[in-house]
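Trainee: give me a 3D structure for the following:
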Amino acid sequence: MKRPRFLPLAPRPFDDELLSCWQQRVACRYGRSVLELERWLGPDAGHSWTGDFEQRDFSPDEAVIAIWARACRLPARRLAEMALLGRSRPLAWYVAAQPDRAVCPACLDEDAASGQDHYLRCGWAHIEAFVCSRHRQRLQDFCERCFSRSGFEFHGLAGNARLVCMTCSTVVTSRQADRAEPEKLEFLVTLADAVTSIVSVEAKNGQKRDEIMRAAQLLWTSSRTDDRPFIAWSGFSLPTGRQGMPLERAAPLATASLDWRIATLIGVAQLLNLADARRRFGPPSTFLLKAFTAEQDQERQPKSKFAVRPSGVAETPMTKLNLRSDAQYRALAEAILASPDWRKLQGAGDTASRRLLGRLMIQALDQAPPVQAAVPDRAAP
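Mentor: Okay, here's the model as predicted:
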């Protein structure tokens, strides 16, 4: 019979720490990855480790917990309590991929100032976690030195575990200045609080929670044959490029980067009027409201383990659209450029211009077309 192995030094877990984070802090003290250390502790339990969030943090295997607890001289119950399965938040409401999980550098600086390890808070894994309500700054998912978005990992430095960039190994620390506008930060805090309240309060009756998830999936439903999602026609600015878009459109909030999660939840807030989003961004487009209302009466089966409901089929909303000809869309564009509202805003900042332009486009498209177009045009959803 093989004798159990013990670790001479193992830090204690923090109260609000992710289980995977604690395991990474232990492993970095021995210059090993979690997988390497786990295979050494218990070869039979470590061979199937993949880093999957569900296996590692949400519903970890009891045998793996027992091996870690024994090696670190901790009660197995203490580690089992760190699993997220027993909480009111379902799996779909956590960020699935570690590189997409953002951190608060100010919180990490406080960890270092108190002489303790950096550690990842459970709340940072929530899909609505994009602002630290304590420090009033956006969370960070990229390296301030090399701008890489490859994610962060733990390194042992001067006797402590420090979170560093996986590309250039720079320690994560506070930024000199937050780039987000104060007004937008306050809105994001309000929106995050609203979503958190809905998820936590409606643990038994999740109707509103399901509406948020369905709205997010609708925004990422393909609106045309070119695979552009409905979110492309939102009345607010979107992140540049395709990097960080959801890996699974059936689970956009769990598999997207920080920027795209923010954009998706703003679109959801506009559809459901959460955090008074319609006053800030204007009303949602009519075709989106019609598509969302049509989906409320349809029964669906989940396609992803992260999804509450699938994203739907593109043909459903397309059949309800009144498409115009190229000439009609050109006339709408010329009317927008000649409008007093647009002329009055010339010379203003890019954010204000984009917001007004999006609102004018939605208002123009919501007008009934004089004649039904015979051929769909690729310029509109």
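
Trainee: for the residue nearest to the spatial centre of the chain, what are its contacts?
Mentor: Taking C-alpha atoms, centre = their mean, the centroid of the chain lies closest to R261, which sits 3.8 Å from it. R261 sits next to V95, D100, I127, E128, F130, P252, L253 when contact means C-beta atoms under 8 Å, 6 or more residues apart in numbering. Heads up, the C-betas are built off the backbone N, CA and C, glycines and all.

Trainee: the stretch 101-250 of the chain: helices as residue ranges?
Mentor: Counting by DSSP state H, counting those that start in this stretch, one finds helices in the stretch 101-250 of the chain at the ranges 105-113, 182-201, 207-219.

Trainee: could you pull out the strands for this protein?
Mentor: For the chain, applying DSSP state E gives strands covering 131-132, 137-138, 152-157, 160-165.

Trainee: got JSON lines for the helices of the stretch 101-250 of the chain, with distance to D141 and mean neighbour count too?
Mentor: Formatted as JSON lines, the helices of the stretch 101-250 of the chain follow (distance: least, C-beta to C-beta, whole Å; neighbours: other C-beta atoms under 10 Å):
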{"stretch": "helix 105-113", "distance to D141": "11", "mean neighbour count": "17"}
{"stretch": "helix 182-201", "distance to D141": "14", "mean neighbour count": "17"}
{"stretch": "helix 207-219", "distance to D141": "19", "mean neighbour count": "22"}
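
Trainee: can you redo those as CSV with mean pLDDT and distance to L356?
Mentor: CSV is the format used below for the helices of the stretch 101-250 of the chain (pLDDT from 0 to 100; distance: least, C-beta to C-beta, whole Å):
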stretch, mean pLDDT, distance to L356
helix 105-113, 95, 34
helix 182-201, 89, 16
helix 207-219, 91, 21
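
Trainee: so where's the stretch 101-250 of the chain shaky on pLDDT?
Mentor: 175-180, 202-206, 224-226 (pLDDT under 70).

Trainee: ok, 50 please
Mentor: Low-confidence regions of the stretch 101-250 of the chain, defined by pLDDT under 50, span residues 177.

Trainee: please tell me how far the residue lying closest to L188 once chain neighbours are set aside sits from E54.
Mentor: Distance criterion C-beta to C-beta, 6 or more residues apart in numbering; nearest residue to L188, sequence neighbours excluded, is V131 at 4.7 Å. Noted for V131: a distance of 26 Å to E54, by C-beta to C-beta, to the nearest Å.

Trainee: and for F187?
Mentor: From F187 over to E54 (counting by C-beta to C-beta), the distance is 31 Å.

Trainee: with Q217 instead?
Mentor: From Q217 to E54 the distance is 19 Å (C-beta to C-beta).

Trainee: what is the burial count for E144?
Mentor: 14 (other C-beta atoms under 10 Å).

Trainee: oh, I was asking about T293
Mentor: With other C-beta under 10 Å as criterion, T293 counts 10.

Trainee: now swap in Q346 and tell me
Mentor: Using other C-beta under 10 Å: Q346 sits among 7 other residues.

Trainee: contact partners for R5?
Mentor: Counting by C-beta under 8 Å, 6+ apart, the residues that R5 touches are W40, L41, A71.

Trainee: please produce CSV containing the residues you listed, extended by neighbour count and distance to I362.
Mentor: Below are the contacts of R5 laid out as CSV (neighbours: other C-beta atoms under 10 Å; distance: C-beta to C-beta, whole Å):
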residue, neighbour count, distance to I362
W40, 14, 58
L41, 19, 57
A71, 19, 58
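
Trainee: from those, which is closest to C146?
Mentor: Lowest distance from C146 to the contacts of R5 (C-beta to C-beta) belongs to W40, with 32.2 Å.

Trainee: all helices for the stretch 251-381 of the chain, in order.
Mentor: 258-272, 277-281, 286-295, 315-318, 326-338, 340-344, 350-366.

Trainee: which of these comes out lowest on mean pLDDT?
Mentor: Least confident of the helices of the stretch 251-381 of the chain, judged by mean pLDDT, is helix 315-318 with a mean of 40.

Trainee: circling back to that earlier point, reformat the strands of the chain as a markdown table; add distance to M245 and mean neighbour count.
Mentor: Output for those, formatted as a markdown table (distance: least, C-beta to C-beta, whole Å; neighbours: other C-beta under 10 Å):
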| stretch | distance to M245 | mean neighbour count |
| --- | --- | --- |
| strand 131-132 | 21 | 24 |
| strand 137-138 | 19 | 20 |
| strand 152-157 | 21 | 18 |
| strand 160-165 | 22 | 21 |
